[in-house]
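[1] Got a predicted structure plus its sequence, pasted below:
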Amino acid sequence: MKLKHQICFYLFLLICWTSTVHAKLHVVASTPDLGALAREIGKDKVEITSLAKPTEDPHFVDAKPGFIVKLNKADMLIEGGLHLEIGWLPNLVIGARNQKILAGTPGYFIAAANIQVLEIPDVMPDRAREMGDVHPLGNPHFLLDPFNGKVVATNICNRLCKIDAANSAYYKNNLNDFVQRLDRKLSEWQKKLEPFKGAKIVTYHKTFSYLAHRFNLHVIGSLEPKPGIPPSPAHINNLIPMMKYEGVKIILTETFRERKTPEFVAAQTGAKVVIVPIMPGGVKGVEDFIAFFDYNIHQIVSALRG
Ligand SMILES: [Zn+2]
C-alpha cells in the first residue's frame, strides 16, 4: 500500500513537470494586428489572445470581464501604445493583478517604443487630449505600414527569447522566415502602387497615414476634423471644394465606420469610397498579417485604377 502511494506521488510529480516543460506561453495582445505578429514568431509554442475584435475601433474597445482572466494568466502583454488603448486597457491590467505583465518587466511590451511616430501634435499631450484629439502622442496606427510589422515582430521575438530562452532558436528562425516573406511582399506591393505615386486621397480617420507614407500616396484631408472628433457640416463643406480642386480619387474608410458621410462626400466630389479592414481578421479569410496587406492593397489599387 505504501509503495502504491509512493508510485502515485512520483507519477503526480512527473505530470506536473511535463506540464510545466511543455506548457505554452500565454501571450495577450491588445489588438489583432499585434496578435498576428506574435503568432508569426511564437507559432505553436504560444497561445495568443487578442482582446479587441478586428472589426472594432481600437480606440474604443468593448472591455469584457473575461479580458481580466486572460490578463491574469498571461506571460506577456503586448500593447500598441501612444494612448491607443488608454480608454480601456489600463484598468483591466490593474484588475488582473499579474506581476509578469507589469511595466518594466520583460512580459510587458509596448510596440510603439521602436517606431518612428508620425503626426505628433504641436501642443502638449494633455492639451491635445482636452481638445478631443485621440492621438495626443502622435499617430498610433503604425502597423498599417507593413515595414513597421517587421520592426514590431523583431521586438516581439527579442522579448519571447528573454521570457522563454529555451526556445529562442525556434523564435529567431520564425522571425527570419517572416521577414523574408514580408520583404518579398513589400517590393511586390511597392511595384503595384508605383503607377499611383502621389495620388491624392482622403481618409475618414487618420488610420491610413503610415500606409500612405510607405506607398507614396498623399492624404490631403480627413472626414474627421481631428482624430476622434466626428465629421461636422462646416468641416465637410470646406473639404468638398478642396477635394474637387485636388482631384481626389478615393476616400479610404474602415469597415466599422458609418457610411453616410463618406457616401455623401463621394457623391459630391466623384471620389470612390473604399472600405477596408484595419486589422488581420477584419474580413473573413484574411487572417494573417501578409494576407491582410495583400487584400487592402488590392482594394486600393483597383479603386485607383478606376
Ligand atoms: Zn486613431
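    Received the coordinates, thanks.
[2] What's the local residue count around residue 205?
    For residue 205, the neighbour count with other C-beta atoms under 10 Å is 24. To be clear about C-beta, it is placed using only N, CA and C from the backbone, and glycine gets the same treatment.
[3] Now do the contacts for it.
    222-224, 227-228, 254, 257 (C-beta atoms under 8 Å, 6 or more residues apart in numbering).
[4] what do you get for residue 43?
    170, 174.
[5] and it, that one's in a helix?
    Yes. Judged by DSSP: H, G, I helix; E, B strand; the rest coil, residue 43 forms part of a helix.
[6] ok, so what distance separates it from residue 185?
    Applying C-beta to C-beta, to the nearest Å, the value for residue 43 to residue 185 is 19 Å.
[7] Can you show me the strands along the chain?
    Using DSSP state E, the strands of the chain run over 25-29, 46-50, 76-79, 108-110, 200-203, 218-222, 250-254, 272-276.
[8] Direction included, what does the shortest one pair up with?
    The reference is to strand 108-110. Partner strands for strand 108-110, per DSSP bridges, with pairing direction: strand 76-79 (parallel).
[9] Point out where the protein drops to low pLDDT.
    1-22 (pLDDT under 70).
[10] How is it divided into domains?
    Following automatic domain parsing, the chain resolves into domains at 19-186, 193-305.
[11] And the shortest one, end to end?
    For domain 193-305, the separation between the terminal residues is 10 Å (C-alpha to C-alpha, to the nearest Å).
[12] and what of stretch 91-100?
    16 Å.
[13] what residues does it touch?
    51, 63, 67-68, 71-77, 101-102, 105, 107.
[14] So what's the gap between the longest helix seen in the chain and the chain middle?
    Ranked by number of residues, the top helix in the chain under DSSP state H is helix 168-193. Taking C-alpha atoms, centre = their mean, to the nearest Å, one finds the center of helix 168-193 at 17 Å from the center of the full chain.
[15] What is it packed up against?
    helix 32-42, helix 146-163, helix 289-305 (3 or more C-beta pairs under 8 Å, 6 or more residues apart in numbering; DSSP states H and E).
[16] With respect to burial, which of those scores highest?
    Among the helices and strands packed on helix 168-193, helix 32-42 has the highest mean neighbour count (mean count of other C-beta atoms under 10 Å), at a mean of 26.
[17] Next, the angle strand 25-29 makes with that one.
    Using axes from the mean of the first three to the mean of the last three C-alpha atoms, to 10 degrees, the inter-axis angle of helix 32-42 relative to strand 25-29 is 150 degrees.
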